[in-house]
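A.B. asks: after the sequence you'll find the predicted model.
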Amino acid sequence: MSKITGLFFCLVSALFLVFPSDSFAGGTAPDRRHLAEEIASQHQMDGRRIHTSIFELQSWTRLASPGKPLRIYIEGDGFAWSSSSTPSFDPTPRDPIVLQLAGLDRSENLAYLARPCQYVEINQASPCQVLDWTDGRFSETVIASMNEAVTQLKEAAHTEQVELVGYSGGAAVALLVAGRRSDIRSIRTIAGNLNPTAVNHYHHMEPLKGSLDPMEVLNKVNHIPQLHFIGDEDKVIPVEITQDFVHRLPEGSCAEFVVIPQATHHSGWKESWSRLLPRPFPCQEH
C-alpha cells in the first residue's frame with residue numbers, strides 16, 4: 001500500500017470513530033440492522049452472535065434437525081464503499097439479498113453468516129478497521145475468523161457436514177474457507193467474485209493488498225461439488241471470469257457454471273433462487 005493510501009485509510013478510520021453511524025445513502029446502520037432482524041424473524045431464523053478470536057460476527061440460524069447437513073449462506077461485501085473511491089463507515093448491507101435467499105431455503109439446518117464488521121456496533125473498542133472491508137476483506141485474519149464461525153455453527157447444528165453458499169465477495173470467502181477444511185460437502189456461489197485479481201483488472205483497479213487469493217486454493221477445493229451461478233447482465237462480475245474459474249479447475253472436478261438470463265449482480269436472484277437451489281451438481285446427474 002502506498003503512503004498516500006495508508007494515510008487516507010487512517011484518516012477514514014479516525015473519522016468513523018467520531019461518526020460511527022453511516023450517514024451515506026441506504027439508511028443508517030441501525031436501520032439496516034433492524035431491517036435484517038425483521039427479515040430473519042419472518043423466516044423463523046434466530047439471531048446469534050459468534051465470538052471468534054478477532055471479530056464478533058452476526059449470524060441468523062434455523063436449526064431443526066441435529067445431525068443433518070448445515071447449509072451456511074455467506075454475505076457479500078455489503079456497503080463497503082459509499083462511492084467508487086470512498087469507503088463507508090459501516091459495511092452492513094443496504095439490501096440484505098443473501099439473508100432473503102437464506103430465508104427462501106427450506107433446509108432443515110440453515111445459517112446466514114455476515115462478514116466481519118457487518119451488523120455489529122463499530123466503536124473504539126471494536127477490532128474493526130476500514131481495511132477489513134476494503135483491501136483486506138479477504139485477509140488471513142478475516143478468513144480465519146470466518147472459518148472459526150463455520151466451526152461454531154457446525155457444532156451448534158451437531159453435524160459433520162457443511163454446505164457453503166457465497167454471494168459476490170462471500171464466494172471468495174467460501175472458497176478460501178473450504179480450502180482449509182475437510183467437512184465441506186458442496187459450494188454454491190451467486191454472482192461470485194471467484195477471482196478478485198481478474199475482477200479488479202476488469203474494472204481497471206489495483207489488485208487487493210493484504211488479501212488472500214481464492215485462485216491459489218483451486219487444488220484444495222477441486223474435489224468439492226460446485227455450482228457457480230452468474231447473471232448474463234452482471235456488470236460487476238463478467239460471465240467470462242466465472243467461466244475461466246471453472247475451466248481452471250483440474251480435469252474431473254465436479255463443477256459447473258450456470259448463466260442466469262436477465263440477472264444482474266444485484267437483481268434476479270430472489271425470483272429464481274427456489275428454482276436454482278435444487279439444481280443437481282454435475283457429478284450427480286448420472
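C.D. replies: Okay, I see it.
A.B. asks: ok, Leu249 touching Ala255?
C.D. replies: Yes - with contact defined as CB atoms under 8 Å, Leu249 counts as touching Ala255 (5.2 Å). Just so you know, the C-beta spots here come from the backbone N, C-alpha and C atoms, and that holds for glycine as well.
A.B. asks: quick one, which of those two is more surrounded?
C.D. replies: Ala255 (23 against 17; other CB atoms under 10 Å).
A.B. asks: so what's the closest residue to that one other than its chain neighbours up against?
C.D. replies: With sequence-adjacent residues excluded and distances taken as CB to CB, 6 or more residues apart in numbering, Ala255 is closest to Gln226, at 3.9 Å. The neighbours of Gln226, taking CB atoms under 8 Å, 6 or more residues apart in numbering as the test, are 186-189, 246, 249, 253-256, 281.
A.B. asks: quick check: neighbours shared by Leu249 and Ala255?
C.D. replies: Common neighbours of Leu249 and Ala255, using CB under 8 Å, 6+ apart, are 222, 226.
A.B. asks: and the residue nearest to Ala255, how far is that from Leu175?
C.D. replies: 9 Å (CB to CB, to the nearest Å).
A.B. asks: check what pLDDT Glu121 gets.
C.D. replies: We have a pLDDT of 88 for Glu121.
A.B. asks: ok now the longest helix seen in the chain, how far from the chain's centre?
C.D. replies: For the chain, the helix with the greatest residue count under DSSP state H is helix 140-157. Put simply, helix 140-157 sits 13 Å off its chain's centre (CA atoms, centre = their mean, to the nearest Å).
A.B. asks: for that helix, packing partners?
C.D. replies: Applying 3 or more CB pairs under 8 Å, 6 or more residues apart in numbering; DSSP states H and E, one finds that helix 140-157 contacts strand 46-51, strand 56-63, strand 70-74, strand 109-113, strand 162-167, helix 169-178.
A.B. asks: among those, which is nearest Lys270?
C.D. replies: With CB to CB as the measure, strand 162-167 is the member of the helices and strands packed on helix 140-157 nearest Lys270 (11.4 Å).
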